[in-house]
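Trainee: no sequence for this one, just the structure:
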């Protein structure tokens, strides 16, 4: 039995939906969906049905695209109400979310606790001393702006930063309740470390990539592995003995369709010797 992970399926793209439909079954294995499955409820349902047939268990966290309230979708829930609606859809399909008890998984005789998290971002991945407005202006200087500014509502919170702070407090409290001997697998759409939010083509997009509130979580808590996405830059790194896995698929131009989806599923447990499928 194995755990795999993938993020940023972006099922608004037909090519990505076709890749999900062509994926073989993984009987007995688990799959972590680390955010940005799609942009509509229909796309989330599609993923949960198709992947639910192929894996024994699914674990989901939201990405920013999942939380978008798009004008083309018509009236619907926004902000926290949108998130709550997505959680309800996941529960209809037996999928674990950040609102559920943390599941245990055993690999090679060691027990792990899988911790799906929803933390958002607070614009703090920027030069020191900047407030939110200054950070956004700093990004705009290079022509960079995130679509979230128009379509990701924080309702009923006054801002996305406030929502992020609330989610961090909730999650930090739950983590503190776990025993010190737990081996944790933290799952979040956004990277936990600012040093990981490096995007060579659009470096100032880091503003929308996480929060410095999580900078020491991998050291404060008994964390073994951190799974994240959002960056569309697949990689494995280690910090303080903790393995960090960026598990994005990405937009169709960012992966090789002829290879299918399977090579882009990152094996989380048992820990593999791993190479990116695009590293020839």
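Mentor: Cool, got the structure. Just so you know, these numbers come straight off a predicted model, no measurement behind them.

Trainee: gap between the closest residue to residue 243 other than its chain neighbours and residue 103?
Mentor: The shortest distance from residue 243 to any non-neighbouring residue, by C-beta to C-beta, 6 or more residues apart in numbering, is to residue 225 (4.8 Å). In this view, the C-beta of every residue, glycine as well, is placed from N, C-alpha and C. According to C-beta to C-beta, to the nearest Å, residue 225 stands 14 Å off from residue 103.

Trainee: who's more crowded, these two?
Mentor: Neighbours per residue, other C-beta atoms under 10 Å: of residue 225 and residue 103, the larger number sits with residue 225, 21 against 15.

Trainee: Now do the same for the more buried one: helix, strand or coil?
Mentor: Using DSSP: H, G, I helix; E, B strand; the rest coil, the structure places residue 225 in strand.

Trainee: Quickly list what it is bridged to.
Mentor: When assigned by DSSP bridges, residue 225 has beta-bridge partners residue 185, residue 243.

Trainee: give me every residue that touches it.
Mentor: Contact analysis of residue 225 by C-beta atoms under 8 Å, 6 or more residues apart in numbering lists 112, 184-186, 242-245, 268-269, 271.

Trainee: Would you mind giving those residues as CSV with pLDDT and neighbour count added?
Mentor: Output for the contacts of residue 225, formatted as CSV (pLDDT from 0 to 100; neighbours: other C-beta atoms under 10 Å):
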residue, pLDDT, neighbour count
112, 96, 20
184, 98, 21
185, 98, 25
186, 98, 25
242, 97, 20
243, 97, 18
244, 98, 21
245, 98, 24
268, 97, 27
269, 96, 23
271, 86, 14
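
Trainee: Closest one of those residues to residue 69?
Mentor: residue 186 (27.4 Å; C-beta to C-beta).

Trainee: To what extent is residue 71 buried, counted in neighbours?
Mentor: 8.
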